[in-house]
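# what follows is a protein structure lacking sequence information:
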């Protein structure tokens, strides 16, 4: 599959919830599967769910297949691949692609506790024990 570019993959909160549902189910899903999983909780009607699914197909995150009258949807990328893509985009946009700049910003702004900073040091040391 050819990815449609990072800006095309930006998801609304509702679209992300649907993708989480698709990833969690780990199989082709129907609009009714999504309705059963999220519709009542969210107050969504079937046309709303189908609109979200269509948008996710357009954005390249879902693939669709029609069998008779039924349409099924499958994740076109894994949760991890999506998160990696979004993280790289976030870093590039806000921190010039630098993880160090992001961590410095978080640490300087009080967004990282001393315990988290120590865990990060230990993780880095484990990755590169020099």
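Thanks, I have it. What you see is a predicted model; the values in this text were computed from it and never measured.

# what's the burial count for the closest residue to residue 23 other than its chain neighbours?
Leaving aside its sequence neighbours, residue 23 sits nearest to residue 79 (CB to CB, 6 or more residues apart in numbering; 4.5 Å). C-beta here means a position set from N, CA and C on the backbone, and glycine is covered the same way. The tally of other residues near residue 79 (other CB atoms under 10 Å) stands at 13.

# so residue 29 sits against residue 19, correct?
No: counting by CB atoms under 8 Å, residue 19 is not a contact partner of residue 29; they are 10.7 Å apart.

# in what helix or strand does residue 72 lie?
Assigned by DSSP states H and E, residue 72 belongs to strand 70-75.

# name the helices or strands packed onto that strand?
Contact here means 3 or more CB pairs under 8 Å, 6 or more residues apart in numbering; DSSP states H and E; on that basis strand 70-75 packs against helix 13-25, helix 46-58, strand 62-67.
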